[in-house]
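Participant: need a structure here:
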Amino acid sequence: MIGFADETFIDVSAGSGGNGAVSFRREKYVPFGGPDGGDGGTGGSVVFVVKNNLKTLSHLKRKRVYKAEKGHQGEGRRRHGKDGKDAEIPVPPGTLIKDPDTGEIIKDLTGFERFVYAKGGKGGLGNYHFSTAKKQTPRYAQKGKSKEEKRLHIELAIIADIGLVGLPNAGKSSLLNALTNANPKIGSYPFTTKIPNLGVLNTPNGDFVIADIPGIIEGASSGAGMGFKFLKHISRTKALIFLIDLDSPDSNDVFKILYRELEAYAPDLIKRKRIILGTKTDLDFEDIKLTELKKSLPHEKVLGISVYTREGLKELENIFAGIIGD
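Facilitator: Residues are numbered from 1 along each chain as shown. From the prediction side, this is the model:
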């Protein structure tokens, strides 16, 4: 069984063109028929089709080879060969087509519904094209254009308005579940979230897509833990929400850890709009920890929330509308 997959390699090839036909008219009472070989059909193309109902690349793990159909050979009486069928590759929004050797992005499919990666080969000309006054019975036709197979690196970068980041067990999954129609796995142990989860927050001010990214730990930008594998999924978010567990003994240092890891991975990420959320205020008696957190981050927008009591969730929804709408 293949679960969440956000990158894979596939082999693709457009269809070769069909060969032109060598044919001569053979009709009763027509002594001098002449060439009438038709052209070969055009080969099928390799086409990426963006499907909104797809969320991962798991299906490309099961099927890794995509070959478009060859064009059919031309026929007598100048009949054109049938064109080959396209090879359609369904992918989710946010898919990148990359060169497997250099890592260079060939095409970002964001905003596309269909993208023709490789066109099929042209069909060859039939022999009727080569008839001249001097050579009235050409016994040759043109071959269709051939196509080579290529390997591609396919990668998914989730598209969301808001990305939730935090250390393991910071309450990201619980918050996503409380705000949206998502149903992420929730537990009281680290690394509950092993794959990115998406949810849609419906508000009078519009709908917002929220991504819950697996917990980042110190050293994630260098490959430690699970965070590094999924940091790319916050690269397209418009705003970041930093979740800090107020019940943690080192809550005042968490933001610095998360900030350093994001800056090391992609400096552009720390320039995004952001909110700092102190979670589990129901366990912070007299708001002592929340007050300390606000004092330690005087230049940041800090809000306290509790999924258990729903404290601060309505205010958070209004803040979302403000930062995304700006």
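Participant: how near is the residue minimising distance to the centre of the chain to His153?
Facilitator: Note on the chain: the residue nearest the mean C-alpha position is Thr95, at 2.3 Å, using CA atoms, centre = their mean. Using CB to CB, to the nearest Å, Thr95 is found at 11 Å from His153. No exception for glycine: its C-beta is placed from N, CA and C like everyone else's.
Participant: Can you give me the neighbour number for Asp247?
Facilitator: 16 (other CB atoms under 10 Å).
Participant: ditto for Leu277
Facilitator: Counted with other CB under 10 Å, Leu277 comes out at 26.
Participant: what's the answer for Gly278, then?
Facilitator: The local packing of Gly278 (other CB under 10 Å) involves 29 other residues.
Participant: Okay, now the sheet partners of whichever strand or helix holds it, with direction.
Facilitator: Using DSSP states H and E, Gly278 maps to strand 273-279. Strand 273-279 has the following sheet partners, assigned by DSSP bridges: strand 239-245 (parallel), strand 302-304 (parallel).
Participant: so where do the helices sit in the stretch 1-150 of the chain?
Facilitator: For the stretch 1-150 of the chain, helices defined by DSSP state H, counting those that start in this stretch occupy the ranges 58-62.
Participant: Would you mind listing where it has pLDDT under the threshold?
Facilitator: 1-4, 29-32 (pLDDT under 70).
Participant: now the stretch 151-300 of the chain
Facilitator: Along the stretch 151-300 of the chain, the parts satisfying pLDDT under 70 run over 181-196, 205, 215-230.
Participant: can you map out the strands along the stretch 1-150 of the chain?
Facilitator: 7-13, 46-50, 65-67, 87-91, 95-98, 105-108, 114-118, 150-156 (DSSP state E, counting those that start in this stretch).
Participant: Turn those into CSV, columns for distance to Leu167.
Facilitator: Formatted as CSV, the strands of the stretch 1-150 of the chain follow (distance: least, CB to CB, whole Å):
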stretch, distance to Leu167
strand 7-13, 25
strand 46-50, 34
strand 65-67, 40
strand 87-91, 32
strand 95-98, 28
strand 105-108, 31
strand 114-118, 38
strand 150-156, 24
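Participant: Could I get the contacting residues of the residue nearest to the centre of the chain?
Facilitator: Neighbouring residues of Thr95 by CB atoms under 8 Å, 6 or more residues apart in numbering: Phe48, Val50, Leu57, Leu109, Ile154, Glu155, Leu156.
Participant: Could you report the distance from the fourth one to Phe115?
Facilitator: When you say that, I think you mean Leu109. Distance from Leu109 to Phe115, by CB to CB: 6 Å.
Participant: Could you tell me which residues touch both of the two?
Facilitator: Between them, Leu109 and Phe115 share these contacting residues under CB under 8 Å, 6+ apart: Phe48, Val50.
Participant: More neighbours: the two, which one.
Facilitator: Neighbours were counted for Leu109 and for Phe115 using other CB under 10 Å; Leu109 has more, 21 against 18.
Participant: in the sheet, who's paired with the nearest residue to that one once chain neighbours are set aside?
Facilitator: Using CB to CB, 6 or more residues apart in numbering and skipping the chain neighbours, the partner closest in space to Leu109 is Thr95 (4.6 Å). Thr95 has these beta-bridge partners by DSSP bridges: Leu156.
Participant: Number the chain from 734, please
Facilitator: Okay, using 734 as the starting number, the last item reads as Thr828.
Participant: where's Thr828 relative to Leu908, distance?
Facilitator: With CB to CB as the criterion, Thr828 and Leu908 are 27 Å apart.
Participant: Asp940 too?
Facilitator: Plainly put, Asp940 is 17 Å away from Leu908 if you go by CB to CB.
Participant: Then Ala890?
Facilitator: 22 Å.
Participant: ok, the two, which is more surrounded?
Facilitator: The neighbour count for Ala890 versus Leu908, taken as other CB under 10 Å, is higher for Leu908 (24 against 18).
Participant: for the top helix by length along the chain, which positions count as buried?
Facilitator: If you go by DSSP state H, the chain has its longest helix at helix 984-998. Within helix 984-998, the residues scored as buried using 16 or more other CB atoms under 10 Å are Ser984, Asn985, Val987, Phe988, Ile990, Leu991, Glu994, Leu995, Tyr998.
Participant: As TSV, the residues you listed with distance to Thr1024 would be great.
Facilitator: As requested, the buried residues of helix 984-998 are exported to TSV (distance: CB to CB, whole Å):
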residue	distance to Thr1024
Ser984	12
Asn985	11
Val987	16
Phe988	15
Ile990	21
Leu991	20
Glu994	26
Leu995	26
Tyr998	31
